[in-house]
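Asks: model the following, please.
(2 chains)
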Protein chains: 2
Amino acid sequence: MKKYDKLIKNAVGRVVPTIINGEGHIPFQGVGKYKPAGRKYGPKIASCADYPVDGNKTVESLKEALIKAGLKDGMTISTHHHFRNGDLIANQVFDIAHELSIKGLRWYPSASFPCQEHLIPYLEDGTINRIEGSMNGPLGRFASEGKMKGLGVLRSHGGRYQAVQDGEVQIDIAVIAAPTADPFGNANGVYGDAACGLLGFALADSQYADKVVVVTDHLVPFPAIPWQIHGNYVDYVVKVDKVGIPEKIISGTTKIAKSPDRLLIAELTARFCEKTGLIYDGFSYQAGAGGTALSIGNYFGDILRKNGWKARFIRAGSNKYAVEMLEEGLVDYILDGQTFDLDGVRSMRENPNHVNTSPFTSYNYHGKGNFASMIDVVVLGATEVDVNFNANVVTHSDGYLLHGIGGWQNCLFAKTTILPIPLFRDRIPVIRDEVTTLCGPGELIDVIVTERGIAINPLRQDLMEKTKNSGLPIKTIKELKEEAEAICGVPEKPKLSDEIIAVIKWVDGTVIDSVRKVE
Amino acid sequence: MKKYDKLIKNAVGRVVPTIINGEGHIPFQGVGKYKPAGRKYGPKIASCADYPVDGNKTVESLKEALIKAGLKDGMTISTHHHFRNGDLIANQVFDIAHELSIKGLRWYPSASFPCQEHLIPYLEDGTINRIEGSMNGPLGRFASEGKMKGLGVLRSHGGRYQAVQDGEVQIDIAVIAAPTADPFGNANGVYGDAACGLLGFALADSQYADKVVVVTDHLVPFPAIPWQIHGNYVDYVVKVDKVGIPEKIISGTTKIAKSPDRLLIAELTARFCEKTGLIYDGFSYQAGAGGTALSIGNYFGDILRKNGWKARFIRAGSNKYAVEMLEEGLVDYILDGQTFDLDGVRSMRENPNHVNTSPFTSYNYHGKGNFASMIDVVVLGATEVDVNFNANVVTHSDGYLLHGIGGWQNCLFAKTTILPIPLFRDRIPVIRDEVTTLCGPGELIDVIVTERGIAINPLRQDLMEKTKNSGLPIKTIKELKEEAEAICGVPEKPKLSDEIIAVIKWVDGTVIDSVRKVE
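Replies: Predicted coordinates for the structure are as follows:
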């Protein structure tokens, strides 16, 4: 099977394959242009007659569960990444597959992390044909070097739900590692040693996979409450000693920015939002877990406090700063997709206003609306932005595929999308004539905030208008680019081969760009 | 279109049609015998591009919503019955349909109540072709008299979920009346004047209907928390003055039994459970909302208290008695499918251990297990039981179809099913040679408790054994029947025509019995 075939230039001028790993895919047609015509995927109808009447679905081991689930060559196996770099289960799944001499698996993680570098030998020996999912770090590097047998397919969190819901990706076996579960398969992320807050990234897997295996190190008597994963979707439950390494599950890196440039960017972003009226009593926002984003959240808090306002909700990635705002009464709700620290986990466990969400509620573009487009302000990162506001979030300027998409593409649908980014990183300018990989179309990106000025997308005349005489350092994006180049010089283009090693999906399942092998 | 065709005798010897309202149906094949081969129904894939980006799906009126949803002749319209006899919305839906001269609708309520007697003219003039759902009271009487144009189809709560999930019933427009909702369509039953606790009976409708309309009298800003119904499934939101009459939503009839016979039955049931070891530390039970069932719950509480035991969960229909047990610490969890009083609503709102369930989690037989079969003891009513322990819950002994199935069939899968029933009602014996309508196969019914003795199904030799020398008044079911007939005489058979007016579905979608027109 060819990794890809039938190249075409899509609506943003990127050359993408229309045959990927032997299956047909649709090229990107423009934001909101592609309209799905089909029906949602219908998993096989089960019968209670085939499940234990006492509800006890436990089996002895993960190996036994995988064998009972019918593991065989060419299957699609999914895992989730709520344990981030502390996951212990995905590696075991493929150790077992390798031991059983299974070949050609498609691994469909919600994201992969450096802890899964362990799987590189299986990518080499053909146990795993390819990864379809974000590849953070070493696995991305491996793919970038053209070493993966199949073509990588990167999807946003919402795109991953969409692909499963629409039947584009049919999961044969979903393995859901859970901090707490009962023998029926009800599972949650709020209790247990490996508590990670929630399990929303595994929701689609539970609903649509042919066979669902829940693996836990904290088996409680039925019912495990809350049931973030419904046991009614689960086939087998496995008790293991340890599903994850707690200190690696909870990221220790969620610290407020300290570098003067980062703090300046954060402060400028907050001032911009204040001056333009984007912040108001009842507004909503989403910010990531990086230092700059955290600082922006803090500045937002200050503005709310000063005005006696309250945000209606924070869409999160939660951490202690968001939790403090909730507990201080600066926000009504945290609508949380993944918790980044123990304060987030505790809050989700204890506070009914800290609400468990999923890619279905928040991001799925093939739903009857989702939460992302209702958010007033979203603050995101980017590895590169071009002069047309197109942005890249997956490849570095040297062409290496080292980051996942996460919810990034989905969040672009917010009412105002702001990218607070440094003008250059390691003396390499971030604003380019053309991004290496186009992950987000410029029409959805409203504002770029750098330490040396703010560029507003000309499509947002309203924001242009509101910042006149504001004292804010408004510049054109070309001015920002020239400023960076005056300091660092014009950056070199990455040395890429023609060979495609992965594609980037848009939120509607169409192919927005290709990622090329690094020479 | 013929109402029904192609009669066949099914596995319990009942003559049932295999063509119903023009569509093919499978006759009952025995408990656990019919294995579904297909796939779950796949609703049309939606796109966010077709929904308001600000998440505001409100329209001016229910009429506008129904028109936008494409209401037309022959459609299937669903409603739920969480408001019980206080519902104000279902009638309005069909008033609008009538006003628009729509004909031949299939009404697919989760149950219908006397307050919907208002719809009889629409059943007569053809606005509504038929009701598929439980018919309590006047609508059942109307059907029993052969006046409904189409054939009635009665399903259990779990069977209703199964039918929708499996695509047997495709809902065109679901109308979900909600005590609280936001403009995106997130909805719950815990807040608002019409608070009814939860909205689980509308879950399948939200997930699978082509168009979903949420109607509320308490519209709150996004997000309505908790979202028992996900706005991501919702097309339109309508604000009205009043969705239900609170005092009729909450049943005032949940009072402990006072009649000596009922109390005796309750006490005997509890003693039976104690003597046979069915009650233990960590056990679970489900009892209905009738007076006898409530009294049994109280006796169970006494036994737990006396022994220093705790129940793991109560499956409910909750009311103040169950809530008191939860608050006293006699039970870890209430897993609730519908709240019967304000204490139930309050508890569900406030207590995270009072958990919102649905026919999907609790009852759907075409899932990977459900909760019903995990329950130690379930206590149910019946209108008739026969000497082979088969039971009837829908028709009276005069043949009139006056009751719904509710979760009754689903609950029969409990580890031990007990029917505490009076030996006769209005001097008509309850135990018969043959039930008028067979709703539950005798093999699933373990014990009959009457004021004059307890009959154990011979299939339960374990219970026979444990009650030897227990002092409990164990009799055969034939002995009980003879005792009743000695007092009341042999009951007359109901006067029924050959004409079928409705069918009873089994939990797996097969047809277990037919209901005949009353002469």
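Asks: alpha carbons only for contacts and neighbour counts from here, please
Replies: OK.
Asks: surely A:Leu438 is in a strand?
Replies: No. Counting by DSSP: H, G, I helix; E, B strand; the rest coil, A:Leu438 is not found in a strand; it is coil.
Asks: thought A:Ile512 was touching it, still the case?
Replies: Yes. Counting by CA atoms under 8 Å, A:Leu438 does reach A:Ile512; the two are 7.0 Å apart.
Asks: who has more neighbours, the two?
Replies: A:Ile512 (29 against 26; other CA atoms under 10 Å in any protein chain shown).
Asks: may I have the phi/psi pair for that one?
Replies: In terms of degrees, to the nearest 10, the main-chain angles of A:Ile512 are phi -100, psi -30.
Asks: got the contact list for it?
Replies: Each residue near A:Ile512 by CA atoms under 8 Å, 6 or more residues apart in numbering or on different chains is listed here: A:10, A:12, A:14, A:16, A:27-28, A:438-439, A:503-506.
Asks: distance to chain B and pLDDT added to the residues you listed, as a markdown table?
Replies: Shown next, in a markdown table, are those (distance: CA to the nearest CA, whole Å; pLDDT from 0 to 100):
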| residue | distance to chain B | pLDDT |
| --- | --- | --- |
| A:Asn10 | 19 | 98 |
| A:Val12 | 19 | 97 |
| A:Arg14 | 23 | 98 |
| A:Val16 | 23 | 98 |
| A:Pro27 | 17 | 98 |
| A:Phe28 | 15 | 98 |
| A:Leu438 | 21 | 98 |
| A:Cys439 | 19 | 98 |
| A:Val503 | 22 | 98 |
| A:Ile504 | 19 | 98 |
| A:Lys505 | 16 | 98 |
| A:Trp506 | 13 | 98 |
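Asks: mind checking if stretch A:34-53 is in reach of chain B?
Replies: Yes. Stretch A:34-53 lies within reach of chain B by CA under 8 Å from any CA of the partner chain, at A:35-53.
Asks: show the buried residues in these.
Replies: Neighbour counting by 16 or more other CA atoms under 10 Å in any protein chain shown classes A:40-49, A:51-53 among the residues of stretch A:34-53 next to chain B as buried.
Asks: in JSON lines, list these along with secondary structure.
Replies: Formatted as JSON lines, those follow (three-state DSSP):
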{"residue": "A:Lys40", "secondary structure": "coil"}
{"residue": "A:Tyr41", "secondary structure": "coil"}
{"residue": "A:Gly42", "secondary structure": "coil"}
{"residue": "A:Pro43", "secondary structure": "coil"}
{"residue": "A:Lys44", "secondary structure": "strand"}
{"residue": "A:Ile45", "secondary structure": "coil"}
{"residue": "A:Ala46", "secondary structure": "coil"}
{"residue": "A:Ser47", "secondary structure": "coil"}
{"residue": "A:Cys48", "secondary structure": "helix"}
{"residue": "A:Ala49", "secondary structure": "helix"}
{"residue": "A:Tyr51", "secondary structure": "coil"}
{"residue": "A:Pro52", "secondary structure": "coil"}
{"residue": "A:Val53", "secondary structure": "coil"}
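Asks: can the residues you listed go into TSV with extra columns for pLDDT?
Replies: Output for those, formatted as TSV (pLDDT from 0 to 100):
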residue	pLDDT
A:Lys40	98
A:Tyr41	98
A:Gly42	98
A:Pro43	98
A:Lys44	98
A:Ile45	98
A:Ala46	98
A:Ser47	98
A:Cys48	98
A:Ala49	98
A:Tyr51	98
A:Pro52	97
A:Val53	96
